[in-house]
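Novice: make a model of this:
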Amino acid sequence: MVTGDILRDELLALIDGHGAHQPFEAAVADFPDDAINRLPPNVPYTPWHLLEHIRITQADLLDYIRSRAYLAPSWPEAYWPARDATATPRQFALTVEEFRSDRSALHELVADPATDLLSTIPNTPGHTILREVRLVGDHNAYHTGEFAILRQVMGTWPPGRDE
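Specialist: Here you go, the predicted structure:
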């Protein structure tokens, strides 16, 4: 295996949530509808707000990689839903579905041998696809872990779940 293949495989594992991180699917599995919009103790956002933030950020970084007409959204407003925004169970499911779809697009991009992970993305200050995918993976892992901790604090894990 050549170095590029090893790097590509490591990035794919990071995107897919393998390694030392809890996979996204495990964190969101069987989340109760009645907790979607509940504020955890001492936290100013709901579980849905957090998942929507992960989704928005991942979609933004994917756009940054793909689009040469990219315009950065305003930080932090555009990266989080409004504090008073709520979601229905269907909207919660759509957040999860759209996250998975964008993650799949990132996976396909990285898995494609024609993707040069180390070349500079045009119109950026020297950023590479490697850098952006690493940011996505780090951000997703961080907030997926946070989501899992919120579940623990809120008591929303299914009964009998192995911890």
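Novice: show me where pLDDT drops low in this structure?
Specialist: 1-4, 162-163 (pLDDT under 70).
Novice: now do the same contact list for Pro41.
Specialist: By CB atoms under 8 Å, 6 or more residues apart in numbering, the residues touching Pro41 are Val153. (C-beta placed from N, C-alpha, C; glycine too.)
Novice: wait, a strand at it?
Specialist: No - counting by DSSP: H, G, I helix; E, B strand; the rest coil, Pro41 is not part of a strand but coil.
Novice: could you measure from it over to Asp5?
Specialist: 46 Å (CB to CB, to the nearest Å).
Novice: same question for Val43.
Specialist: Distance from Val43 to Asp5, by CB to CB: 41 Å.
Novice: who has more neighbours out of those two?
Specialist: The neighbour comparison of Val43 against Asp5 (other CB atoms under 10 Å) goes to Val43, with 16 against 10.
Novice: wait, that one sits on Leu150?
Specialist: Yes - counting by CB atoms under 8 Å, Val43 touches Leu150, with 6.9 Å between them.
Novice: number of residues surrounding Glu146?
Specialist: 16.
Novice: what's the answer for Asp60, then?
Specialist: The number of residues packed near Asp60 is 18, by other CB under 10 Å.
Novice: so the residue nearest to it when sequence neighbours are not counted is in which element?
Specialist: Leaving aside its chain neighbours, Asp60 sits nearest to Pro73 (6.3 Å; criterion: CB to CB, 6 or more residues apart in numbering). Assigned by DSSP states H and E, Pro73 falls within no helix or strand.
Novice: give me the distance between Pro73 and Ile56.
Specialist: The value you get for Pro73 to Ile56, if CB to CB is used, is 8 Å.
Novice: anything in contact with each of the two?
Specialist: Tyr79.
Novice: who has more neighbours out of these two?
Specialist: Taking other CB under 10 Å, Pro73 and Ile56 do not tie; Ile56 has more neighbours (19 against 13).
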